[in-house]
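K.L.:
Fold the following, please.
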Amino acid sequence: MAKHIFVTGGVVSSLGKGLTSASIGLLLERRGLKVRMQKMDPYLNVDPGTMSPYQHGEVYVLDDGAETDLDLGHYERFTNAPLNRDCNYTTGRIYQTIIEKERAGFYRGKTVQVIPHVTDEIKNCIRTLATPDVDVVITEIGGTVGDIEGMPYFEAIRQFALEVGKQHCLFVHLTLVPYLKAAGELKTKPTQHSVQEMRKIGIQPDVLICRTEKEIPRDDVDKIAVMCSVERRAVIEEKDREFSIYEVPLSLLDNGIDALIVEKLGITNARPIQFDDWQEMVDGIRTLAAEPKDRREVTIAVVGKYVKHRDAYKSVYEALDHAGIHHHHKVRTERVESELVEQHGPAKLLASADGILVPGGFDKRGVNGKVEAVRYARENGVPFFGICLGLQCATIEFARNVLGLKDANSFEFDKDTPHPVVCLMDAQKQVTKVGGTMRLGSMDTKVLPDTLAHKVYGAEVVSERHRHRFEFNNDYREQFAKAGFVISGTTPDGALVEVIELPNHPWFLGVQCHPEFKSKPTACQPLFRDFVGAAIAARQKKK
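P.N.:
Numbers count the residues shown, from 1 in each chain. This is a model prediction of the structure:
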């Protein structure tokens, strides 16, 4: 029977429940256990697909096309747990399911209520992952205890523990122990109040993970344990990490959380932990961080529409860091607002960049700034990497400035453009009106031999995740090819363009997919690996 760990948060939001959940999953996997992971989000949106990046951060896409919370990115970067649409539920999706059942007569005329119908549906979602081959299911409850929208989830997991038996469930509560500079001391009262909120619901936390910027004195740990009815060894300090988020699992390991979980859940098939590779990776990060500024460092300019909110391109930044880990270089990311490139020009804002990356996005705001950034990279021989909209901007830039197609544009941004070099495609691969279905999830790409893309991947067919609606317009393929614009990757049937590149350039490549979603700190995604490698070579050449 699968064991269950529920991770909740208190005091304030953004404490890092996702990172903590992912770290626990990693530690248990390294003890030979099969883990599944899940996020419950209390908001009423059915999924984050239509939510603003400024509010929600990036939309993380899974292999099956599910548009999910960015915490699932942490799950995949830290663990090998398979993720699908059953790994992220929202209140909107749960209510949608209940209403559809009610309309179909599923409840046989009963009054549909939060208890038992909503809580039962939540419990069904949790059970979905508890298949016979799974040892532990980790379910993260979004939001903060006490939030009204989260109450059904806390009630559901309280009931769940009663139904499966407390010996099969563990409640991990993440809290904040703030440091008051004026008083010169840490305060445990917020944690005490947070646990009181949990008890009012009927949940007694088994493990408390205390986020803190300062080391928690022994007396304060004792106080938290006594006041919160938690074993002292189960009060675990999680101090702010100095160098990297990838230090978090090591911190939890040092505090013995893996052994504690195995013991409390009565898991008998756990092996001694194997963690040398992760330790070696983190040691490398710490060594790099200690080196003098500008030594073994490379600067990547990310020219985007949503750079004011770091989480909007979370996976892109992480994949760049992974490439830095691979090359033993610090990657300094300069977040450049594409609208500022429109206003001030690229030379002023991109002169210090060793490489330029243009990520995805929707709508026309700031697009011309992205196009100008592409032009700057192309004309000045700066390594360039375009992702999704980045490929489309590279296409628009080439059409305007090399092919001489004045006013060339994407149909998304200008429906009256005389040259829609990027457009919507229907099932017959013809131009259509707005409203085409988005391509979502993992899809194969056929990579042409003797191209940069083939050199990077070392394979003729690769699979990457997609999230886009507009495509390279096939009517212009021949014209682009004659001017030296290489289409180096397509869908397996050759119908849609997936990868473009310029051969007479140090490193210039664009992809329609989102390769950042498949990068891990211990296994960097190949495109990011070689892009950063090219940027390092460019920096060394400048010296």
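
K.L.:
Nearest the middle, which residue of the chain would you pick?
P.N.:
Nearest residue to the geometric centre of the chain (C-alpha atoms, centre = their mean): residue 73, 3.3 Å.

K.L.:
Based on its surroundings, how many neighbours for residue 318?
P.N.:
Residues near residue 318, counting by other C-beta atoms under 10 Å, number 21. C-beta coordinates here come from the backbone N, C-alpha and C atoms, glycine included.

K.L.:
one step back: just to check, the residue nearest to the centre of the chain is in contact with residue 314?
P.N.:
Yes - Residue 73 is in contact with residue 314 according to C-beta atoms under 8 Å; the separation is 6.3 Å.

K.L.:
re earlier: model confidence for the residue nearest to the centre of the chain, exactly?
P.N.:
Per-residue pLDDT puts residue 73 at 97.

K.L.:
Please name the bridge partners of the closest residue to it other than its chain neighbours.
P.N.:
For residue 73, ignoring the flanking residues on the chain, the nearest one in space by C-beta to C-beta, 6 or more residues apart in numbering is residue 60 at 4.6 Å. The partner list for residue 60 in beta bridges (DSSP bridges) reads residue 68.

K.L.:
For residue 60, list the residues it contacts.
P.N.:
Residues in contact with residue 60 (C-beta atoms under 8 Å, 6 or more residues apart in numbering) are 67, 68, 69, 70, 71, 72, 73, 315, 517.

K.L.:
The same query, at a cut-off of 10 Å, please.
P.N.:
39, 48, 66-76, 83, 88, 314-315, 465, 467, 514, 516-517 (C-beta atoms under 10 Å, 6 or more residues apart in numbering).

K.L.:
Please tell me how far it sits from residue 469.
P.N.:
For residue 60, the distance to residue 469 equals 18 Å [C-beta to C-beta, to the nearest Å].

K.L.:
can you check residue 131 too?
P.N.:
34 Å.

K.L.:
Between those two, tell me which one has more neighbours.
P.N.:
Using other C-beta under 10 Å, the more surrounded residue of residue 131 and residue 469 is residue 469, with 16 against 11.

K.L.:
Once you drop chain neighbours, what's closest to that one?
P.N.:
residue 438 (4.6 Å).

K.L.:
and residue 533, that one's in a helix?
P.N.:
Yes - Residue 533: assigned to a helix according to DSSP: H, G, I helix; E, B strand; the rest coil.

K.L.:
Just to check, it is in contact with residue 383?
P.N.:
Yes - between residue 533 and residue 383 there is a contact under C-beta atoms under 10 Å: 8.9 Å.

K.L.:
Find the residues that touch each one of the two.
P.N.:
With C-beta under 10 Å, 6+ apart, residue 533 and residue 383 have common neighbours 298, 355, 507.

K.L.:
Run the chain-centre distance for stretch 185-201.
P.N.:
Chain-centre distance of stretch 185-201: 30 Å, with C-alpha atoms, centre = their mean, to the nearest Å.

K.L.:
actually stretch 359-368, not the one I wrote
P.N.:
20 Å.

K.L.:
Kindly report the same for stretch 134-146.
P.N.:
17 Å.
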